[in-house]
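S.K.: Got a predicted model here, sequence first, then my questions.
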Amino acid sequence: MAKEILTVLKLQAPGGQATPAPPIGPALGQHGVNIGQFVQQFNARTASLNGMTVPVEMTIYRDKSFVFVVKSPPAAVLLKEAAQVAKGSGVPHKEKVGKVTWKQVRTISERKMADLNAFDLDHADRIIAGTARSMGIEVVDG
């Protein structure tokens, strides 16, 4: 017989460096999940991401057991890393904070393809380029 689902949570945590501190601890604690067990499993699965923010979709069952799926890092995080900027622009249509090439955009879209609503890589490139523009990052040839 299938387990009865209590809830589905969506969290973001630093890969390989999650701790029971907020926001993870309170979010899991209110559902009675073993926080230490989740943190240990999450850090083991995301050790290669070393501090990069990673979304997690977690299904919690009535018996307090859980399963979770680690998604790819958000496009904004990957774009900031590629452009080597600390944060996006406050006024992206006026102030540009960095540049990425179409080759870098393609690399990001290949990495994000499973989580994007796109049928092919060209469409995924346009989605990532749109995110870059909304952050004040220019997409240039080269």
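M.R.: On my side now, so go ahead.
S.K.: From the contact counts, what lies against the helix or strand of the chain with the lowest mean pLDDT?
M.R.: None of the helices or strands of the chain scores lower by mean pLDDT, DSSP states H and E than helix 24-29, at a mean of 89. Counting by 3 or more Cβ pairs under 8 Å, 6 or more residues apart in numbering; DSSP states H and E, the packing neighbours recorded for helix 24-29 are strand 5-14, helix 35-45. C-beta here means a position set from N, CA and C on the backbone, and glycine is covered the same way.
S.K.: can you list contacts of it?
M.R.: Outside of helix 24-29, the residues within contact range by Cβ atoms under 8 Å, 6 or more residues apart in numbering are 9, 11, 13, 18-19, 35, 38-39, 58, 60.
S.K.: buried sites along whichever helix in the chain runs longest?
M.R.: In the chain, with assignment by DSSP state H, the single longest helix is helix 121-135. Residues 124-125, 127-129, 131-132, 135 are the ones in helix 121-135 that count as buried (16 or more other Cβ atoms under 10 Å).
S.K.: can you check stretch 82-94 too?
M.R.: Per 16+ other Cβ under 10 Å, stretch 82-94 contains these buried residues: 82-83, 85, 88-89, 92.
S.K.: how about those, which pair is most distant?
M.R.: Greatest spatial distance in these: A82 and P92, 16.2 Å, computed using Cβ to Cβ.
S.K.: how's this structure carved up into domains?
M.R.: Using automatic domain parsing, the domain parsing of the chain gives 5-70, 75-140.
S.K.: follow-up on the earlier one: using CSV, write out the CA atom coordinates for the least confident helix or strand of the chain.
M.R.: What follows is helix 24-29, C-alpha atoms only, in CSV (Å, rounded to 0.1, in the frame of the first residue of the first chain):
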residue,chain,number,x,y,z
ILE,A,24,15.6,24.5,6.9
GLY,A,25,15.1,23.6,10.5
PRO,A,26,11.8,25.4,11.2
ALA,A,27,10.3,24.3,7.8
LEU,A,28,11.0,20.6,8.5
GLY,A,29,10.5,20.7,12.3
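S.K.: I am finished for the moment; much appreciated.
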